[in-house]
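*Asks:* Here you go, sequence then predicted model.
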Amino acid sequence: MKVQVKKSPSKGRDLKIILLKVYSLLHKIYGPQNWWPADSSFEVIVGAILTQNTNWSNVEKAITNLKTDNLLHPLALRNISTNKLAALIRPSGYYNIKTKRLKNFLDFLFSSYGGKLYRMKQTGLETLRKEILGVNGIGPETADSILLYALDKPIFVIDAYTRRITECLKITCQGSKYDDLQLVFMQNLPNDSRLFNEYHALIVAHSKAICKTKPDCEKCILCIEKRRRA
DNA sequence: GACCAGGCACATC
DNA sequence: GATGTGCATGGT
């Protein structure tokens, strides 16, 4: 598989060093993130689906609605009507399609694992990823968020923030495919779910603090460090 | 009022 | 395989 990586300086050993340096800088600035912001693995899964193309603050409103009705459990959520679920998650946007996606995931969870997340956790990463990607409405980012943050599997999550930061630092080309971008991280970092978890969370923290909708290279410590070393 | 936010599936070419 | 479009709310 061809990985679209800029020729210089992000190659081979350099890439490993750069990725670890970026992690080190972010960790020094923002500290441990202890992600995902949720009380349970199931809440992580629901949040991962609800956050698709949506501001997290809107997702929080929907999560709060579900918590208030004590519905953040697989069986409870499986048993409520689609109309009721749609009404509760309305603040997260795209509520009709997300209702279907939540129900699709629950159908999969119950048909394949009897509704038990601990049974999912016992399944190997590659098999489980294929299964989750087979659920209509679950794409690579949502699947990997579930695998890493809900099921503690060592896989790196690529999202809009990750894409933006790697393009800005010229680690990858603009428009790189999801799997290629993921390989850049996974081939150049130790295969450690805790590291992948913390790294992605730090990228989000940094993006929200500095880059937001577009990179602000004047304030960005990563860009400042890059310029200093140039 | 316009723009943006932690995607994804589907239709069309 | 690549590109365009629909899905929707709430904050800035």
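*Replies:* Received the coordinates, thanks.
*Asks:* Name the nearest residue to the residue in chain A positioned nearest to DNA strand C, ignoring sequence neighbours.
*Replies:* Residue of chain A nearest DNA strand C, by C-beta to the nearest atom of the strand: residue A:93 (2.5 Å). (C-beta placed from N, C-alpha, C; glycine too.) Excluding its sequence neighbours, the residue lying closest to residue A:93 (C-beta to C-beta, 6 or more residues apart in numbering) is residue A:54, at 4.9 Å.
*Asks:* give me the number of residues near the one you found?
*Replies:* Neighbourhood size, residue A:54 [other C-beta atoms under 10 Å]: 15.
*Asks:* Could I get the pLDDT score of it?
*Replies:* The per-residue pLDDT reported for residue A:54 equals 96.
*Asks:* likewise the one 10 residues further on?
*Replies:* Per-residue pLDDT puts residue A:64 at 98.
*Asks:* quick one: it and residue A:85, what's the gap?
*Replies:* 15 Å (C-beta to C-beta, to the nearest Å).
*Asks:* quick one: which of those two has more around it?
*Replies:* Using other C-beta under 10 Å as the criterion, residue A:64 and residue A:85 rank with residue A:85 on top: 25 against 12.
*Asks:* In contact with whichever residue of chain A sits closest to DNA strand B, which residues?
*Replies:* Closest residue of chain A to DNA strand B, C-beta to the nearest atom of the strand: residue A:139 (2.1 Å). The neighbours of residue A:139, taking C-beta atoms under 8 Å, 6 or more residues apart in numbering as the test, are residue A:133.
*Asks:* can we see that at 10 Å?
*Replies:* Residue A:139 sits next to A:52, A:101, A:132, A:133, A:178 when contact means C-beta atoms under 10 Å, 6 or more residues apart in numbering.
*Asks:* In PyMOL, how would I select just the buried ones from those?
*Replies:* Per 16 or more other C-beta atoms under 10 Å, the buried members of these correspond to this PyMOL selection:
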select buried, chain A and resi 52+101+132
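*Asks:* Filter the contacts of residue A:139 down to just the ones in strands.
*Replies:* Taking DSSP state E as the definition of strands, the contacts of residue A:139 contribute nothing to them.
*Asks:* Max pairwise distance over the contacts of residue A:139: which two?
*Replies:* Largest separation among these by C-beta to C-beta: A:101 and A:178, giving 18.2 Å.
*Asks:* how close does residue A:49 get to residue A:77?
*Replies:* Taking C-beta to C-beta, one finds residue A:49 at 11 Å from residue A:77.
*Asks:* What number of residues are in the vicinity of residue A:191?
*Replies:* Neighbour tally, residue A:191, other C-beta under 10 Å: 11.
*Asks:* How about it, nearest residue that isn't a chain neighbour?
*Replies:* The shortest distance from residue A:191 to any non-neighbouring residue, by C-beta to C-beta, 6+ apart, is to residue A:154 (5.1 Å).
*Asks:* buried ones in stretch A:155-173?
*Replies:* If you call a residue buried by 16+ other C-beta under 10 Å, then stretch A:155-173 has these buried ones: A:155-159, A:161-172.
*Asks:* Ok, stretch A:113-130 next?
*Replies:* For stretch A:113-130, the neighbour count (16+ other C-beta under 10 Å) marks A:113, A:115, A:117, A:120, A:123, A:128, A:129 as buried.
*Asks:* mind checking pLDDT for the residue nearest to the fifth one when sequence neighbours are not counted?
*Replies:* Nearest residue to residue A:123, sequence neighbours excluded (C-beta to C-beta, 6+ apart): residue A:131, at 7.6 Å. Residue A:131 carries a pLDDT value of 98.
*Asks:* Done for today, thanks.
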